[in-house]
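Participant: One predicted model, sequence on top.
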Amino acid sequence: MSKGAKLIAPFLIDKIHLQFKINKMKIIISEIENTENKTKEINFSEIYDEFNKEIPVKAKLKAEVLGDLIRITGEIKAEIILTCDICLKEFKKELNIKVEEFFTKYSLNEMNIDEFEIKQDSFIEDLNGKDEIDITDFVYQSVILNIPNKCVCDINCKGDEKINQYIRTEITDPRLEIFKKIKIEKDN
Ligand SMILES: [Zn+2]
């Protein structure tokens, strides 16, 4: 394994609300192993209410079994609805996400995976002996990780007029006028 590769705890980011998603898409690793080229192409399309209630997240993925490693690569397309940090209005943002993630069947310590080229900074997730990968979760986590920290509807967003008006009113509160008249005299 290359030095830069990280081991991340399985799906750290909150998945609580995903537990209620009934029709989860899963791939069975032993089934892929039994195919001739040990590969499975996945065409994925699913609605996640928390991203966009109308437009599904789409993904074209490829799962490959490489000995004790499983590699998932491909692209995810999502049109998500975000709330602008400045004006608080909702806006749509299109995300095109390239993914490459590795899963290990067994704990990394027990494995010899030097023979496989793992790029620096690749994520490796331990399946702890499970024979399946939850693609619904995988896509969800990939989208979450790619939501920008700062959500602004437009680079020129000036904020909401009502909120600005409110702030202006507060600042010009006549009760505060008195403070403007106070002069602090400096000692010589
Ligand atoms: Zn805005």
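Facilitator: Great, that's in hand. Everything quoted here is computed from the prediction, not taken from an experiment.

Participant: Would you map the helices across the protein?
Facilitator: 29-33, 135-145, 161-171, 174-181 (DSSP state H).

Participant: Check the ones you listed for me: which has the lowest mean pLDDT.
Facilitator: Mean pLDDT values for the helices of the chain show the minimum at helix 174-181, a mean of 65.

Participant: for the protein, what spans make up the strands?
Facilitator: Taking DSSP state E as the criterion, the chain contains strands spanning 6-8, 26-28, 39-46, 57-66, 69-83, 90-104, 123-126, 132-134.

Participant: my read: residue 146 touches residue 94, true?
Facilitator: No: contact criterion CB atoms under 8 Å: residue 146 and residue 94 do not qualify, at 11.1 Å. From N, CA and C alone the C-beta is placed, and that goes for glycine too.

Participant: who has more neighbours, the two?
Facilitator: Neighbours were tallied for residue 146 and for residue 94 using other CB atoms under 10 Å; the higher tally belongs to residue 146 (16 against 9).

Participant: and the more buried one, what does it touch?
Facilitator: Counting by CB atoms under 8 Å, 6 or more residues apart in numbering, residue 146 makes contact with 95, 97.

Participant: what do you get for residue 86?
Facilitator: 152, 153, 157, 158, 159, 160.

Participant: next one: residue 138
Facilitator: So residue 138 contacts 72, 101 (CB under 8 Å, 6+ apart).

Participant: From residue 52, how far out is it?
Facilitator: Distance from residue 138 to residue 52, counting by CB to CB, to the nearest Å: 18 Å.
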